[in-house]
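**Q** Please work out how this folds:
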Amino acid sequence: MRLMQWKYPPKIARQIASYLITRYPTHGFVIDRDEAEAMTPDGETYGLGLQITPATQEIETIFHDLQPFLDKWSILGRLT
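**A** Numbers count the residues shown, from 1 in each chain. Just a heads-up that it's a prediction; the model follows:
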């Protein structure tokens, strides 16, 4: 919740944190863009309700080029 307090009201930050803790069992559990953005006020469907900023075309191209290597490599730190 502390990381979200600058962008979300306390109630929403608490809901997102709760979803992360209860619905995603490990760090390796993938959350795609649609799921991150979808809002689920009823708590019975998927979604975190995050405010997503679309990636630039440059970033999309970089990730597209990296994708074939993601299952082969472990990268720690910042990609530049």
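**Q** Run through the residues that contact the most far-flung residue of the chain relative to its centre.
**A** Farthest-out residue of the chain from its mean C-alpha position, per C-alpha atoms, centre = their mean: residue 72, at 21.5 Å. Residue 72 sits next to no residue when contact means C-beta atoms under 8 Å, 6 or more residues apart in numbering. The way it works is simple: take the backbone N, C-alpha and C, and place the C-beta from them, glycine included.
**Q** what's the answer for residue 13, then?
**A** Applying C-beta under 8 Å, 6+ apart, the residues near residue 13 are 1, 4, 5.
**Q** just the buried members of those?
**A** Among these, the ones that count as buried by 16 or more other C-beta atoms under 10 Å are residue 4.
**Q** returning to that earlier point: roughly how far does the residue farthest from the centre of the chain sit from residue 9?
**A** 41 Å (C-beta to C-beta, to the nearest Å).
**Q** now swap in residue 2 and tell me
**A** Taking C-beta to C-beta, one finds residue 2 at 14 Å from residue 9.
**Q** Could you check which of those two is surrounded by more residues?
**A** residue 9 (10 against 7; other C-beta atoms under 10 Å).
**Q** I am finished for the moment; much appreciated.
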